[in-house]
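Visitor: I'll drop the sequence and a predicted model, then ask my questions.
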Amino acid sequence: MSSLRALRPFSTASRALAKTRVPSLGNVPPHDDGHYFSPTRYPAPPPATESQASDVMPSSDAKSGLIKSILYGSDQSKKEQAAAERSYSNQLSRGKYVHEMVVHKVRPDRAPDYVDLVSQVYPRIAATGPLDDSSHKVHLVGSWRTVIGDDLDTYVHIWEYSSFAGFHDVNFHLHNHEPFFLDYIEKVRPMLVSRKSDLMQEFDFWGGTAAPHDLGGIFELRSYNLKAGQLLNWETSWKRGLECRRQVMEPVGAWFNQLGEINTVHHLWQFADLEHRKSCRDKCWHLPGWANTVHETVGLVNRMQSHVLVALPFSPLK
């Protein structure tokens, strides 16, 4: 009897494997806040009896007020805290709109393929709305390629959503109801070195992002990473500075990051060419108030970057 074991036959038939989808907002159905704060899930504790209350808190009103002040903060401190929160959420922001800045670093050898792909897909995304809402919740502000900066094969896209909920709704819809979007994801991944997404809101003092137009020329995206806690000071100084700049150059948009690289501010400007940019910036120094803006803001910044961009053919802003 042979001591060799019978070899297990191998099948040459290929197995059909289901394509794996990486996690995304397409896996997270939109909810209202009640999903997480339902009274049935977190019932209120039963009211304390008199004996229990006396064990926890002295009966003296003075002592009660002192302990509450220590544990929860005084009424004045709570008012000051609420005012500070309103300053950040209401005073800085123009309204409900949320903007997303998407940055793609593209492999140099795939740049033409990338431009062809986004030229076909991005206008289609901008024309897509969630199934349960006929109004569009996303608009493409603009798409650009970096021509001067630290990464030349970098493309910047800015999207506008109706709200944070609108951002979620659109992404959920695209991942679950638009096969062309999943096809785009599969095609674009091999073209990229890296990708980044920040959610931003507009500064109220700026007056809103520019409407679609075709002026030609170049764009300059200036990004400032601020020291923590200095955003309000930045906004106060730039209220005055913008009045100077408006006299000599075309403002396009200004945003501060809410998610992503926080404490970061972006300003977008448009010029005819580099010489026009230089001339406009030189003129600012002769306008009352501009030197003060520079003096007040330079100490608020950790680092800053400047990138010169050119619009892609399908960009609403160009």
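Guide: Perfect, thanks for sending it. What you are looking at is a predicted structure, and each value in this text was computed from that prediction instead of being measured. Numbering: from 1, shown residues only.
Visitor: I figured L300 was touching L226, is that so?
Guide: Yes: using CB atoms under 8 Å, L300 is in contact with L226, at 5.4 Å. Heads up, the C-betas are built off the backbone N, CA and C, glycines and all.
Visitor: got the buried residues for stretch 302-317?
Guide: 307-309, 311-312, 314-317 (16 or more other CB atoms under 10 Å).
Visitor: just to revisit the earlier point, residues that sit against both of L300 and L226, list them.
Guide: Common neighbours of L300 and L226 (criterion: CB atoms under 8 Å, 6 or more residues apart in numbering): W234.
Visitor: who's more crowded, these two?
Guide: It is L226, of L300 and L226, that has more neighbours when counted by other CB atoms under 10 Å, with 21 against 17.
Visitor: if I look at the more buried one, how far off is E178?
Guide: Going from L226 to E178 by CB to CB, to the nearest Å gives 37 Å.
Visitor: now do Q120
Guide: Relative to E178, Q120 is positioned 13 Å away (CB to CB).
Visitor: and this structure, what are its domains?
Guide: Domain assignment of the chain by automatic domain parsing yields the ranges 95-202, 204-309.
Visitor: Throw these into a markdown table and include distance to V28 and mean pLDDT, thanks.
Guide: Shown next, in a markdown table, are the domains of the chain (distance: least, CB to CB, whole Å; pLDDT from 0 to 100):
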| stretch | distance to V28 | mean pLDDT |
| --- | --- | --- |
| domain 95-202 | 7 | 91 |
| domain 204-309 | 15 | 90 |
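Visitor: mind giving me a markdown table with these and columns for distance to G26?
Guide: Below are the domains of the chain laid out as a markdown table (distance: least, CB to CB, whole Å):
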| stretch | distance to G26 |
| --- | --- |
| domain 95-202 | 2 |
| domain 204-309 | 18 |
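Visitor: Would you tell me which of those domains gets closest to N27?
Guide: When the domains of the chain are compared for distance to N27 using CB to CB, the nearest one is domain 95-202, at 7.7 Å.
Visitor: Which ones among the buried residues of stretch 302-317 map onto strands?
Guide: Judged by DSSP state E, strands contain the following of these: 307-309, 311.
Visitor: nearest to K283, of these?
Guide: Looking across these and measuring by CB to CB, the closest to K283 is V308, at 19.1 Å.
Visitor: Could you report the neighbour count for the nearest residue to the closest one once chain neighbours are set aside?
Guide: Nearest residue to V308, sequence neighbours excluded (CB to CB, 6 or more residues apart in numbering): I148, at 3.8 Å. If you count neighbours by other CB under 10 Å, I148 ends up with 13.
Visitor: I148 touches R277, doesn't it?
Guide: No: the pair I148 / R277 is not scored as a contact, 10.7 Å apart, by CB under 8 Å.
Visitor: where's P179 relative to C244, distance?
Guide: 50 Å.
Visitor: Give me the more crowded residue out of these two.
Guide: A side-by-side neighbour count of P179 and C244, using other CB under 10 Å, places C244 first with 20 against 8.
Visitor: Buried ones in whichever strand or helix holds the more buried one, by neighbour count?
Guide: With secondary structure defined by DSSP states H and E, C244 is part of helix 231-245. Within helix 231-245, the residues that qualify as buried are 231, 234-235, 237-238, 241-242, 244-245, counting by 16+ other CB under 10 Å.
Visitor: quick one, what contacts L140?
Guide: The neighbourhood of L140, defined by CB under 8 Å, 6+ apart, consists of 122-123, 125-126, 157-160, 315-316.
Visitor: repeat that for 7 Å
Guide: Residues in contact with L140 (CB atoms under 7 Å, 6 or more residues apart in numbering) are 122, 126, 159, 316.
Visitor: Apart from its chain neighbours, what residue comes closest to it?
Guide: Leaving aside its chain neighbours, L140 sits nearest to A126 (4.2 Å; criterion: CB to CB, 6+ apart).
Visitor: for H213, same thing?
Guide: Closest residue in space to H213, ignoring its immediate chain neighbours: L317 at 6.5 Å, by CB to CB, 6+ apart.
Visitor: same deal with D198?
Guide: G260 (3.2 Å).
Visitor: Tell me the buried residues in the helix or strand harbouring K187?
Guide: According to DSSP H and E, K187 maps onto helix 179-188. Neighbour-count burial for helix 179-188 flags 181-182, 184, 188 (criterion: 16+ other CB under 10 Å).
Visitor: Likewise for stretch 282-294?
Guide: 284, 290, 293.
Visitor: Same check on stretch 216-228?
Guide: Using 16+ other CB under 10 Å as the test for burial, stretch 216-228 gives 218-221, 223-224, 226.
Visitor: And stretch 113-127, by the same measure?
Guide: Using 16+ other CB under 10 Å as the test for burial, stretch 113-127 gives 114-115, 117-118, 121-122, 125-126.
Visitor: Give me the contact list for that stretch.
Guide: Residues from elsewhere that reach stretch 113-127 (CB under 7 Å, 6+ apart): 106, 138-140, 143, 157, 174, 180-181, 184, 187-188, 191, 312-314.
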